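>>> build the 3D model from these lines:
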Amino acid sequence: MTEEHPKQRLIQGSSYVDDDGSADDELFAELLAWADGSTSYPQVLAAVAGARLLVPVVALLGEVEYDDAGLAHDKSSDMAAVLLTRPDGRRALLAFSSTAALAQWDPEARPVPVASSLAAATAVQEGADALVVDVGGRAPFTVSGDDLHRLAAGWRPVRLADGEWAWAGAVGDSRGEEQLG
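Residues are numbered from 1 along each chain as shown. Model prediction:
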């Protein structure tokens with residue numbers, strides 16, 4: 001007999017079932033161009049906005065119990081996304097373009113594939129000041145400030161006819177009306 005539980009939650013399926021962990025081609029190319037100085041911040045930001053990112057989760061030890069021999073054993077642990085804290089107190093959520101980039105940073109971390117807007121929204125919800133893509137890699141890229149909040153809201157950078165960049169998003173949401181530099 002199956003009864004509906006009043007606080008029942010449905011687990012949504014992943015949009016990335018067939019994801020092999022490779023970097024998005026456009027994002028990978030833009031990150032390499034960013035590393036050698038041959039692209040602009042808005043161009044890379046547009047590639048980030050259209051890409052799947054991998055947010056690392058790591059195990060955190062909860063409680064420890066000791067057996068009769070005095071040996072410590074994990075009693076409980078939790079999984080958590082990783083926030084990097086700078087000496088000045090600013091924090092950033094980490095995300096990676098590929099499993100290779102993630103493994104280079106921490107081979108024990110588990111990748112959670114998400115849309116870049118969800119990674120940005122998670123950073124905002126966690127009180128982070130930035131989202132850092134491929135930290136420790138050849139071409140790390142940071143999204144912060146208004147750009148982080150617009151990305152979190154699902155806005156996308158678009159190139160205008162005059163070559164300038166602006167944010168595009170839902171009508172009635174004024175967060176994207178300013179141009180990018």
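>>> show the average pLDDT along the strand ranked longest in the chain.
The longest strand of the chain (DSSP state E) is strand 52-61. In this model, strand 52-61 carries a mean pLDDT of 87.
>>> off-centre distance for that strand?
10 Å (Cα atoms, centre = their mean, to the nearest Å).
>>> now do it: which elements does it pack against?
strand 77-81, strand 91-95, helix 99-105, strand 110-115, helix 116-125 (3 or more Cβ pairs under 8 Å, 6 or more residues apart in numbering; DSSP states H and E). (C-beta placed from N, C-alpha, C; glycine too.)
>>> right, so the ones you listed: which one is the most enclosed?
Highest mean neighbour count of the helices and strands packed on strand 52-61: strand 91-95, a mean of 25 (counted as mean count of other Cβ atoms under 10 Å).
>>> name the strands paired with that strand and say parallel or antiparallel.
strand 83-85 (antiparallel), strand 130-133 (parallel) (DSSP bridges).
>>> just send the ones you listed back as a markdown table, with mean neighbour count and mean pLDDT too.
As requested, the strands paired with strand 91-95 are exported to a markdown table (neighbours: other Cβ atoms under 10 Å; pLDDT from 0 to 100):
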| stretch | mean neighbour count | mean pLDDT |
| --- | --- | --- |
| strand 83-85 | 13 | 93 |
| strand 130-133 | 24 | 98 |
